Each structure stands twice: as C-alpha cells, then as structure tokens.
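> what follows is a protein structure lacking sequence information:
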C-alpha cells in the first residue's frame, strides 16, 4: 500500500503534456500536404485560396504556392486521426463488451467472471475499432492541379470551404 504513491508518480511521469496552443487551435482547421511539380513535398495548415495562389502555414511561416507549382494536394481536418481513433475505440469496446456479455460462450460464466469475459472481448473490440478509426482518420480529400491554371480554376470553388474564417 505504501508503494502506491510511488507507482502513481512513476506512471504519470511518462505521460505527455499538452500545450495550450493545441487547445486554442480552431476546430475547423485543416492539414494540407502538397506534392509539387518539381517532385518535392510540403505540408502545413491550410489558410486560404485565391484566384492565383494557395496560402498555408508551415512551421509558423506563411507559404504561397501558385497553381503552376502544385501537382497534387491532399487536405483533411487537423484532428481527424485522433478523433476517429477515440470514436473507433469507444464503439469497438461497446460492441465487444455487448457481444462478450450476451454471447453463447458467456452463458457458462456467472457474476464477476461473466463481466470479466465481456471486458476482455471489449478490449479486443477497442483495439480493432481504434485501428479502423486511425486508418479512416488518415484519409483526406485529394485534388489534382497538375500545374495547370485551368484545372486549378475548376476546383477553386470547392477550396473556398476550407478557408479559415475568424469569429466576428
């Protein structure tokens, strides 16, 4: 019993601390990853798009790219991986627990052992759900510009919905 405070301190000394910058980030911010016509890659946080360029934030620097420089880019919500992983794990645990508790195999268990069996099935479901959630969070919307100004103009109306708008 006297080891519990030491164990508590050791366990929580390895946890990550989160800065307030992540908390103050807009819930509508988007991550963007560019593949340029010269073969290089750039990524950052989407800011806006105009008739002649795309603005994004890379390492606290504003970068401007013209349609002639862009081959392809992919855009997704900034927190989609984390959010989908948490949702997938929660849903997977709930389904796994329900299957483990009401399953044919659970009929032989009684009381606490039945709940333990269900919790084990719930953990398997949680890991599966977290994996599927993580993979679905990695998916984004891809746009091909191919270095063409005309191709960029056709997708420009779709890009306006990603522009970050300040609260008034």
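Yep, it's here. Since the structure is predicted, the reported quantities are computational estimates derived from the model, not experimental observations.
> just checking, which helix or strand of this structure averages the lowest pLDDT?
Taking mean pLDDT, DSSP states H and E as the measure, the chain has helix 20-24 as its least confident helix or strand, at a mean of 43.
> and the contacts of the one helix or strand residue 74 maps to?
According to DSSP states H and E, residue 74 maps onto strand 70-77. Here strand 70-77 makes contact (Cβ atoms under 8 Å, 6 or more residues apart in numbering) with 28-37, 46, 54, 83, 137-147, 152, 162. For every residue, glycine as well, the C-beta is placed using N, CA and C.
> how about the strands in this protein?
30-36, 41-49, 54-58, 61-65, 70-77, 141-144 (DSSP state E).
> any idea which helix is longest in the chain?
In the chain, assigned by DSSP state H, the helix with the most residues is helix 112-137.
> skipping adjacent residues, who's closest to the residue most central in space within the chain in space?
Note on the chain: the residue nearest the mean C-alpha position is residue 81, at 1.7 Å, using Cα atoms, centre = their mean. Of all residues not flanking residue 81 in the chain, residue 137 sits nearest, at 3.6 Å (Cβ to Cβ, 6 or more residues apart in numbering).
> residue 143 versus residue 154, what's the distance?
Remark: distance between residue 154 and residue 143 (Cβ to Cβ, to the nearest Å) = 10 Å.
> pick out whichever of these two has more residues nearby.
residue 143 (17 against 11; other Cβ atoms under 10 Å).
> residue contacts, the more buried one?
Here residue 143 is in contact with 72-75, 155, 158-159 (Cβ under 8 Å, 6+ apart).
> next one: residue 120
Residue 120 neighbours (Cβ under 8 Å, 6+ apart): residue 100.
> was I right to think residue 32 contacts residue 47?
No - in this structure, residue 32 is not within contact of residue 47 by Cβ atoms under 8 Å, at 9.2 Å.
> of these two, which one has the most company?
Higher neighbour count among residue 32 and residue 47: residue 32, with 23 against 18, using other Cβ under 10 Å.
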